[in-house]
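Asks: heads up, no residue letters with this:
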């Protein structure tokens, strides 16, 4: 009688004292990674025991997100260089542009807001200029009509205030 049980569909990792449960299929999709080797029959004698990994659990949570989605936006609590270092440790090569930090998104939002502020300031200046042109046109028209339509007697100095 054979006592061996088929491997569970769930793999349990103990990373830095925090337990993670993940589907075996997710890990096996990344064949050749350290994680797939750790859960393989060659390295894991007891598939029902958690696989201990002496790494940062907060970063590992993001590694799992990366494996699930193929990209990740890191929270402010996880530094991008530390995350990329751990990807390397696990034998995972990130695609170009697939790892972003929360602060990168924040910087883009700030730049977008600053750009919008500059646009509004420009529009405000244009509206102010338009208002001054309308006032000047009204002044000229009023002066012209007050002078009987001849334009004589228009005080050029008074036009300079516009």
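Replies: Yep, that arrived. Keep in mind that what you see is a predicted model, and the values were worked out from it rather than measured.
Asks: how about the helices in this structure?
Replies: Along the chain, counting by DSSP state H, helices occupy 24-28, 34-38, 57-69, 80-89, 102-146, 156-159.
Asks: and the closest residue to residue 86 other than its chain neighbours, how many neighbours does it have?
Replies: With CB to CB, 6 or more residues apart in numbering as the criterion, residue 86 has its nearest non-adjacent residue at 4.8 Å, and that residue is residue 59. C-beta coordinates here come from the backbone N, C-alpha and C atoms, glycine included. Residues near residue 59, counting by other CB atoms under 10 Å, number 22.
Asks: ok, residue 59 - contacts?
Replies: Shown in contact with residue 59 (CB atoms under 8 Å, 6 or more residues apart in numbering): 78, 82-83, 86.
Asks: try residue 125
Replies: Contacts of residue 125 by CB under 8 Å, 6+ apart: none found.
Asks: just to revisit the earlier point, ok, the residue nearest to residue 86 to residue 20 distance?
Replies: 12 Å (CB to CB, to the nearest Å).
Asks: residue 90 now?
Replies: 13 Å.
Asks: more crowded one of the two?
Replies: Shown here are residue 90 and residue 20; by other CB under 10 Å, residue 90 has more neighbours (20 against 17).
Asks: for the residue nearest to the more buried one when sequence neighbours are not counted, grab the count of nearby residues.
Replies: Nearest residue to residue 90 in three dimensions, chain neighbours excluded: residue 34, at 4.8 Å (CB to CB, 6+ apart). Using other CB under 10 Å, the number of residues around residue 34 comes to 14.
Asks: same question, residue 13
Replies: By other CB under 10 Å, the residues close to residue 13 number 22.
Asks: what do you get for the one 4 residues further on?
Replies: Other residues within reach of residue 17, judged by other CB under 10 Å, total 8.
Asks: may I have the phi/psi pair for it?
Replies: phi 90, psi 0 (degrees, to the nearest 10).
Asks: please renumber so the chain begins at 835
Replies: Sure thing, new numbering starts at 835, so read that last one as residue 851.
Asks: just give me the closest of the contacts of residue 893 to residue 928.
Replies: residue 917 (8.9 Å; CB to CB).
Asks: give me the pLDDT for that closest one.
Replies: Looking at residue 917, its pLDDT stands at 95.
Asks: can you check the one 5 residues further on too?
Replies: Each residue has a pLDDT score; the one for residue 922 is 96.
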